[in-house]
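Novice: sequence below, structure please.
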Amino acid sequence: PTGLQNEILWLKNFGGKIIVTGSGKYPDSEPSGAAAKAQVKIMLEELKPHLAKAEESGITIALENHIRQCLHHPDSIRYFAEFNKSPNLGIAFAPHHLHEWESDIPQLIRDLGDKNIPFMYFQEHSAGIFEKQPKEIEMQQLPGYGGGLDYQLIASALRDIKYSGLVEIFMHPVPR
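Specialist: A predicted model of the protein is given here:
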């Protein structure tokens, strides 16, 4: 997320409004507790010059909560919600990377609120993400195809925060 200067200008020239990227790796690749609090503060500090360019350009940077990155554990996501002050920075909310904490997903959406979720994936965790599977298993990544997420709870949480961001129905077929 700290190497987006050229991408911000490119996106602005094409009339785009949002860049989705990872949150970066820090000493602890999936921090929780006090480590999450410290690393989210460091990440936000390091992003300041890049956010200034994004704000000046009218671009929003959406950091995906991705495995093996700063914003993975629910603690780091909640600290992000607490410490983020920029309207041009948010989370590209990816429920499929939170499969270990599925029951927390609706509350995480509420904790983040509309201002911190400019982009959201509708994808579920599935064996089809990592290796070739029969089509019926691969399709479980899509909402409503037999995965484990309760999209009624997710939709309710999105209604509660009056969600106004973008949504992408997404999956990783194998081979890609």
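Novice: now do the strands in the protein.
Specialist: All strands of the chain, identified by DSSP state E, fall at 18-22, 60-64, 89-93, 119-122, 166-169.
Novice: tell me which of those sits most buried.
Specialist: Compared across those, strand 89-93 shows the largest average neighbour count, a mean of 25 (mean count of other Cβ atoms under 10 Å). Just so you know, the C-beta spots here come from the backbone N, C-alpha and C atoms, and that holds for glycine as well.
Novice: sorry, back to before: adding distance to Glu30, write the strands of the chain out as JSON lines.
Specialist: JSON lines is the format used below for these (distance: least, Cβ to Cβ, whole Å):
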{"stretch": "strand 18-22", "distance to Glu30": "13"}
{"stretch": "strand 60-64", "distance to Glu30": "13"}
{"stretch": "strand 89-93", "distance to Glu30": "15"}
{"stretch": "strand 119-122", "distance to Glu30": "18"}
{"stretch": "strand 166-169", "distance to Glu30": "23"}
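Novice: got JSON lines for the ones you listed, with mean pLDDT and distance to Glu45 too?
Specialist: Output for those, formatted as JSON lines (pLDDT from 0 to 100; distance: least, Cβ to Cβ, whole Å):
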{"stretch": "strand 18-22", "mean pLDDT": "95", "distance to Glu45": "17"}
{"stretch": "strand 60-64", "mean pLDDT": "97", "distance to Glu45": "14"}
{"stretch": "strand 89-93", "mean pLDDT": "98", "distance to Glu45": "12"}
{"stretch": "strand 119-122", "mean pLDDT": "94", "distance to Glu45": "23"}
{"stretch": "strand 166-169", "mean pLDDT": "94", "distance to Glu45": "27"}
